[in-house]
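Student: Take this sequence and fold it.
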Amino acid sequence: MTEASVPKVSILMPCYNAEPYIAEALESVLAQTWPNQEIIVVDDGSTDRSVAVAQQYAPRGVSILEQRNAGAAAARNRALDASTGDFVLFLDADDLVGREHIASLYAAIVGAPRCIAMSQWDRFYTSPSEAAFPSRRSYRDGSGVDWLVQDWADAQPMMQPGMFLIPRGLPSQLGGWNERLTLIDDFEFFARMIAGCDGVRFASPARLYYRSGLQGSLSGRKSRRAVESAFLSIMLGTQHLLAAEDSPRTRRACANVLQNFEYTYYPDHDDLRARICARIAELGGADLAPDGPPGFHRLKRIIGWRAARQAQHFAERLGLNGASRKRFVRGLGPLISRE
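Tutor: Numbers count the residues shown, from 1 in each chain. From the prediction side, this is the model:
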């Protein structure tokens, strides 16, 4: 295919202090086999050399915009406003994509102008060769509602932005990123896009390499502001699904996602958890079991999930590492059972 004969795809990349990673991310995009793309990087007030690194790619067609720090959602909206593509893909500045990523995603939705294409994904920590791409229940075609219900089955959905190729008409109609959100803003955005689209199409050859284990990453934030963002994101995201279909299956899927918030943040943030529990009751209740490491499950059987979760959080606050934390939680069981 020639550039003139294929739609333009806009790859939109928010960047904040990604100096060690952004070059690799841009190289993976520039290596795409898709012949018609534009790449827009929006630097969100980085204090490292991210801009200098990105500017090295300007001669290769990468556009770099700068703004004062306003958050990833604002940076994505800035990139979206500046883009001219028929399709958009939001890629974080520390993630990578395989060479056929765009071509495979487009092939899955050619002729379906209101469908969203989805790739495989897996984590890596040091090298992308670590990614094994295991099969996941969400790797299937389906209506937007069907896909969300399936993806939320374990109440821990993964809506990594670089997985999805989106026809431009959807965010134009349904709106851009919610700039009130700082943590899991992708959950609300993609719940809105997928609930409002004509269907999700799985592109098996497409690969997203999701870099994990970074210090200071958004997903690791536990401040009150971050937890409030997570609360708002899941409240809004679940409402998007219910607006598309209010049925027993969607209510249960939403209730379980909300229940996971209660499990995750217990015993902290009483006010937010109380509102979550009230909403779960309105939806008819959840059937999600609490999850955690093996030590948590052993202790849960003896003293219940709430006390086990408190022990787990106490170990974290003591600053114990993974192995020490497991020994600490495991050792509490016999002590408590003798009381």
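Student: just the helices in the stretch 201-339 of the chain please.
Tutor: Under the criterion DSSP state H, counting those that start in this stretch, helices of the stretch 201-339 of the chain are mapped to 224-244, 248-265, 270-282, 294-303, 305-317, 322-337.
Student: most packed of those helices?
Tutor: helix 248-265 (a mean of 21; mean count of other C-beta atoms under 10 Å). For glycine as for every other residue, the C-beta is placed from the backbone atoms N, C-alpha and C.
Student: now that one and helix 305-317, what's the angle there?
Tutor: 50 degrees (axes from the mean of the first three to the mean of the last three C-alpha atoms, to 10 degrees).
Student: Next, format the helices of the stretch 201-339 of the chain as CSV and append distance to R99 and mean pLDDT.
Tutor: Output for these, formatted as CSV (distance: least, C-beta to C-beta, whole Å; pLDDT from 0 to 100):
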stretch, distance to R99, mean pLDDT
helix 224-244, 32, 97
helix 248-265, 34, 96
helix 270-282, 42, 98
helix 294-303, 39, 82
helix 305-317, 40, 80
helix 322-337, 35, 49
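Student: Make TSV out of those and add distance to F187.
Tutor: Supplementary listing: the helices of the stretch 201-339 of the chain in TSV, determined by distance: least, C-beta to C-beta, whole Å:
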stretch	distance to F187
helix 224-244	5
helix 248-265	9
helix 270-282	14
helix 294-303	24
helix 305-317	22
helix 322-337	26
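Student: Could you point out which of those sits nearest D44?
Tutor: Nearest to D44 among the helices of the stretch 201-339 of the chain is helix 224-244 (15.8 Å), distances taken as C-beta to C-beta.
Student: Contacts for that closest one, please.
Tutor: Residues from elsewhere that reach helix 224-244 (C-beta atoms under 8 Å, 6 or more residues apart in numbering): 144-145, 148-149, 152, 178, 180-185, 187-188, 191-192, 195-196, 218, 250-251, 253-254, 257-258, 261, 265, 268-269, 272, 275-276, 279.
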